[in-house]
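[1] All I have is the shape, not the residue letters:
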C-alpha cells in the first residue's frame, strides 16, 4: 500500500508541477529545507492509551471562520546512499514537496508555501505568500438511456495573502478563472479583496469583498468541502461574496459573524441595496478539551434588498466523536440573493455522515432534500450521495470519488459519478 501511495504521489505531482519546477534553485538555501511546512499533531505524554487515534481530536473543524481565515495562521527517501526506488535529491523542488508532512484535513494547506513566500526587510509589508488552487472533476451522467460525460472545474484560482509589520493586519487578493452563471468573466474574476485586522482579542474585523456566511456550508471554504459539490441549499442560497464590513468573534463556547454589506453580487451594480448577514454558533463542549467530542449548534439569517426584499434563515447542528462525524442543516428562504436573485419561497435540508478510517481515507454519505418553490406542488429534488476522499497531502493533494442519485418529483431521475483531483499550490 505504501508503495502504491508513493507511486500515485509521484505521478500526480510530476504532471502538475512541471511549470513550477522552473522557479526553483535560483536562490535556494539548503537551510530552507529545515523550515518546510510540517503540520504535526500534538502528542500528550500521558495519553498513551489513545496514541493510535491522537490525530482525531486535533483534525477537527470547529467553525467556518477558523477554516476560512486559517490561511493566515502560518504565513520519499532522500538518502543518496540508499538504493530506494523513489530516491529524490533533497535539494530538488519535487523532493521538498514529497517530504512535506501535511496531515490535517480540516484546514487548507499549500504544497509550495515555502517556495512562494517572500519576506521583506523594508516597507510596511512583512511577508506575502502566492498560491494557486485547482480542482478538476470528470462527471459521468446517466439519465434513462442517455449518457454523457463532461469535465469541469470545481475551482481554478490564484491569489496573494500577506501581513503587515504590525503583525495585526492581513490582506488577501484572489482571482477566479472559472466562468460562472449569470455573470461576465470579468465580473467574477476578483473574488476576495479585503483587509483583516486582529487587534481586538478573539476578534477579526474584515473590510472589503469576502465570503458571505449565508448558511454553514454556504459560507464554507471550497478547499475543505467534503463532497465535490455543495448541498442544494448551499449552492442556491449561499456560496457568495459581498462587499462590506464584517466582525468575527471566536471564543471557546461561542463564535459569531456579523456583516453589513452591499446586496450586489459579482460587482454588477454599485450598492443596489444593503443587507445584513449574521451567524452564531454555540459550542457546548468547548471547555471539555474534546473528551466528549465536538458539538456545534448554530443559526443565522441573510436579509436585504436588491430590487426585491429577501431573507434566508437557517439552523445547523454537528457532532464529531473520534472517527465519526455527523452534521445537519436546514434553511428556509422568503426570496434569496445567491448566484441569482429570486422571489421564490424555498426550503431545504441535508444530513451528512463522515467516517475517517484513518488520516488519509474518509468515507462519506449525504441525504439532501430541496424544494425550490413552495407555491408549486410535487417539485422537490432529492440527492443521495456517497463518496470517498483520499488525502495524499492533506487538502493540498486530494483524490475525490462521489456517486449521486438524483430523485426528482417532476423530472426524470438521474445518476452521476464524479472523479475529482484537488491541488493547492
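    Arrived safely. What you are looking at is a predicted structure, and each value in this text was computed from that prediction instead of being measured.

[2] Can you name the element that comes right after the one helix or strand residue 248 maps to?
    Using DSSP states H and E, residue 248 sits within strand 241-250. Elements were assigned by DSSP H and E; along the chain past strand 241-250, the next helix or strand is strand 254-262.

[3] Now the element after that following strand, going C-ward?
    Toward the C-terminus from strand 254-262 - assigned by DSSP H and E - lies strand 274-282.

[4] helices or strands next to that next one in the packing?
    If you count contacts as 3 or more C-beta pairs under 8 Å, 6 or more residues apart in numbering; DSSP states H and E, strand 274-282 packs onto strand 241-250, strand 254-262, strand 294-305. In this view, the C-beta of every residue, glycine as well, is placed from N, C-alpha and C.

[5] let's see 6 Å
    Applying 3 or more C-beta pairs under 6 Å, 6 or more residues apart in numbering; DSSP states H and E, one finds that strand 274-282 contacts strand 254-262, strand 294-305.

[6] in the first one, what counts as buried?
    To tie it back to what came earlier, the one meant is strand 254-262. Judged by neighbour count using 16 or more other C-beta atoms under 10 Å, the buried positions of strand 254-262 are 255-259, 261-262.

[7] What of the longest one?
    Neighbour-count burial for strand 294-305, counted by 16+ other C-beta under 10 Å, picks out 294-296, 298-300, 302-304.

[8] Kindly reformat the residues you listed as JSON lines containing pLDDT.
    Output for these, formatted as JSON lines (pLDDT from 0 to 100):
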{"residue": "294", "pLDDT": "94"}
{"residue": "295", "pLDDT": "96"}
{"residue": "296", "pLDDT": "96"}
{"residue": "298", "pLDDT": "96"}
{"residue": "299", "pLDDT": "97"}
{"residue": "300", "pLDDT": "97"}
{"residue": "302", "pLDDT": "97"}
{"residue": "303", "pLDDT": "97"}
{"residue": "304", "pLDDT": "97"}
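
[9] Closest one of these to residue 266?
    When the buried residues of strand 294-305 are ranked by distance to residue 266 (C-beta to C-beta), residue 304 comes first, at 15.4 Å.

[10] who does the closest residue in space to that closest one that isn't next to it in sequence bridge with?
    Excluding the flanking residues, the one nearest residue 304 by C-beta to C-beta, 6 or more residues apart in numbering is residue 275, at 2.5 Å. With DSSP bridges as the criterion, residue 275 is bridged to residue 261, residue 304.

[11] mind checking how far residue 275 is from residue 172?
    With distances taken as C-beta to C-beta, to the nearest Å, residue 275 is found 21 Å from residue 172.

[12] cool, and residue 262?
    For residue 262, the distance to residue 172 - C-beta to C-beta - is 19 Å.

[13] and residue 205, how many residues sit next to it?
    15 (other C-beta atoms under 10 Å).

[14] Please apply the same query to the one 4 residues further on.
    Residue 209: 23 surrounding residues under other C-beta under 10 Å.

[15] Read off the pLDDT value for it.
    With respect to pLDDT, residue 209 scores 96.

[16] what sits against it?
    193, 241, 243 (C-beta atoms under 6 Å, 6 or more residues apart in numbering).

[17] tally of neighbours for the last one?
    Other residues near residue 243 number 19, with proximity taken as other C-beta under 10 Å.

[18] all helices in this structure, in order from the N-terminus.
    Under the criterion DSSP state H, the chain contains helices at 2-16, 54-58, 64-68, 93-99, 232-237.

[19] List the buried residues for the fourth one?
    This means helix 93-99. Here helix 93-99 shows 93-98 as buried, counting by 16+ other C-beta under 10 Å.

[20] Of those residues, just say which sits nearest to residue 107.
    Taking C-beta to C-beta as the measure, residue 107 sits nearest to residue 97 out of the buried residues of helix 93-99, at 18.4 Å.

[21] Need phi/psi at the spatially closest residue to residue 131 that is not a sequence neighbour.
    Leaving aside its chain neighbours, residue 131 sits nearest to residue 110 (5.2 Å; criterion: C-beta to C-beta, 6+ apart). Per-residue torsions, residue 110: phi -130, psi 130 (degrees, to the nearest 10).

[22] Redo the buried residues of strand 294-305 as a markdown table? Include distance to residue 362.
    Formatted as a markdown table, the buried residues of strand 294-305 follow (distance: C-beta to C-beta, whole Å):
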| residue | distance to residue 362 |
| --- | --- |
| 294 | 16 |
| 295 | 20 |
| 296 | 19 |
| 298 | 23 |
| 299 | 27 |
| 300 | 27 |
| 302 | 30 |
| 303 | 35 |
| 304 | 36 |
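
[23] Go through the residues you listed and say which is closest to residue 324.
    The closest of the buried residues of strand 294-305, once distances to residue 324 are taken by C-beta to C-beta, is residue 294, at 11.3 Å.

[24] Look up the closest residue to the closest one, ignoring the ones flanking it.
    residue 320 (4.4 Å).

[25] same thing with residue 371?
    residue 380 (4.7 Å).

[26] what number of residues lie near the one you found?
    Residues lying near residue 380 (other C-beta under 10 Å) number 17.

[27] looking at it, it is touching residue 411, isn't it?
    No. Residue 380 is not in contact with residue 411 according to C-beta atoms under 6 Å; the separation is 11.0 Å.

[28] Point out where the protein drops to low pLDDT.
    1-58, 60-66, 74-91 (pLDDT under 70).

[29] let's see 50
    Residues of the chain that meet the criterion pLDDT under 50 lie in 3-4, 6, 10-43, 76-78.

[30] how much space between the closest residue to residue 413 other than its chain neighbours and residue 344?
    Excluding its sequence neighbours, the residue lying closest to residue 413 (C-beta to C-beta, 6+ apart) is residue 407, at 5.4 Å. Using C-beta to C-beta, one obtains 21 Å as the distance from residue 407 to residue 344.

[31] contact partners of stretch 211-220?
    Residues contacting stretch 211-220 (C-beta under 6 Å, 6+ apart): 64, 230-231, 234, 237-242, 257, 277, 279, 302, 312, 314, 316, 329, 331.

[32] Who is residue 280 paired with across the strands?
    With DSSP bridges as the rule, residue 280 is bridged to residue 256, residue 299.

[33] can you tell me how far it sits from residue 242?
    18 Å.

[34] cool, residue 312 as well?
    For residue 312 relative to residue 242 (C-beta to C-beta), the value is 13 Å.

[35] How about residue 140?
    Going from residue 140 to residue 242 by C-beta to C-beta gives 35 Å.

[36] and if you look at residue 93?
    From residue 93 to residue 242 the distance is 38 Å (C-beta to C-beta).

[37] Repeat that for residue 124.
    Distance, residue 124 to residue 242, by C-beta to C-beta: 27 Å.
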